[in-house]
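Visitor: whatever this is, show me its structure:
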Amino acid sequence: MAGNYGGNSLATTPIDGATLLAAKVTTYKDWKCTSIYSVGTSAAFTYMGEAFTLPVIGNRVDLLITPSKLSAAHADAMFLCYECSCNSPMTGSTVSSPVPGATIIGGGGLNS
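Guide: Modelled structure (predicted):
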């Protein structure tokens, strides 16, 4: 299953392998990819010297990919990616909410 590996958003942008490879050090230099899907019968890519082939449409590999480390990729390999310049502050709440104490049922209310 794809997920967020430290970026600012979930991996929701599909990019075909040929496009990702061609722009790996320009447009996609600050991107991460978390899943690769086969959208054709020639889905293949090489990442950090390892060759991957996904011969059946719908096959998937879950792998954290930095586009600059791709050395080959076919257009039939669809990468699911997100922009990760990682310069934005993290958002969300860090306020903790107190959890009420445990209630023991039975025993006439005696917590022993």
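Visitor: show me the contacts for I36.
Guide: If you count contacts by CB atoms under 8 Å, 6 or more residues apart in numbering, I36 has them with 17, 43, 45, 52, 54, 60-61, 63, 65, 77-80. Any C-beta I mention is one placed from the backbone N, CA and C, and that applies to glycine too.
Visitor: equivalent analysis for K24, please.
Guide: By CB under 8 Å, 6+ apart, K24 lies in contact with P67, S68, L70.
Visitor: distance of it relative to I57?
Guide: Between K24 and I57 the computed distance is 24 Å (CB to CB, to the nearest Å).
Visitor: tell me which element the spatially closest residue to R60 that is not a sequence neighbour falls in.
Guide: Nearest residue to R60 in three dimensions, chain neighbours excluded: Y37, at 5.1 Å (CB to CB, 6 or more residues apart in numbering). Assigned by DSSP states H and E, Y37 belongs to strand 31-38.
Visitor: do I have it right that V56 meets Y37?
Guide: No - with contact defined as CB atoms under 8 Å, V56 does not count as touching Y37 (10.7 Å).
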